[in-house]
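**Q** all I have is the shape, not the residue letters:
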């Protein structure tokens with residue numbers, strides 16, 4: 001998924017409105033494929049950002065924080081649970097043999 005979307009559920013503090021809005025904006029950008037929508041699509045884009053912001057706020061407010069969030073980083077913010085697994089797969093390789101390219105080959 002999008003690496004720039006941050007985990008907002010933290011043990012030590014609740015996310016502020018700006019953090020929730022920025023995460024919603026990144027999500028809608030990823031889904032729509034637009035960094036900045038055309039004038040024709042701006043209203044739909046903005047409405048989607050507001051819907052995701054409201055839904056995210058409601059989710060974060062309803063989650064119980066009696067258990068630690070996903071793997072805390074040094075700064076106390078929660079990390080991506082799949083990050084370690086993804087790193088292991090990259091380090092170990094996919095298990096499939098790689099195609100060998102001969103020196104001087106023009107294959108890209």
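**A** Good, I have the coordinates. None of these values were measured; they are calculated from a predicted model.
**Q** give the buried residues for the helix or strand containing residue 28.
**A** Here residue 28 sits within helix 17-32, counting by DSSP states H and E. For helix 17-32, a neighbour-count test (16 or more other C-beta atoms under 10 Å) marks 20, 21, 22, 23, 24, 25, 26, 27, 28, 29 as buried. Bear in mind the C-beta positions are built from the backbone N, C-alpha and C, glycine included.
**Q** counting neighbours, which bits of the following helix or strand past it end up buried?
**A** Toward the C-terminus, helix 17-32 is succeeded by helix 39-62 as the next helix or strand (DSSP H and E). Neighbour-count burial for helix 39-62 flags 45, 48, 49, 52, 53, 56, 57, 60 (criterion: 16+ other C-beta under 10 Å).
**Q** adding distance to residue 11, write those out as CSV.
**A** Below are the buried residues of helix 39-62 laid out as CSV (distance: C-beta to C-beta, whole Å):
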residue, distance to residue 11
45, 33
48, 30
49, 27
52, 24
53, 22
56, 18
57, 18
60, 13
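**Q** list just the nearest of the buried residues of helix 17-32 to residue 7.
**A** Nearest to residue 7 among the buried residues of helix 17-32, counting by C-beta to C-beta, is residue 23 at 9.0 Å.
**Q** do you know how far that closest one is from residue 32?
**A** 15 Å (C-beta to C-beta, to the nearest Å).
**Q** how about residue 56?
**A** Counting by C-beta to C-beta - residue 56 and residue 32 are separated by 17 Å.
**Q** what pLDDT does residue 107 get?
**A** Per-residue confidence (pLDDT) for residue 107: 54.
**Q** got it, and residue 41?
**A** On the pLDDT scale, residue 41 gets 96.
**Q** my read: it touches residue 47, true?
**A** No. Taking contacts as C-beta atoms under 8 Å, residue 41 lies outside contact range of residue 47: 10.4 Å.
**Q** for residue 52, which non-adjacent residue is spatially closest?
**A** residue 24 (3.8 Å; C-beta to C-beta, 6 or more residues apart in numbering).
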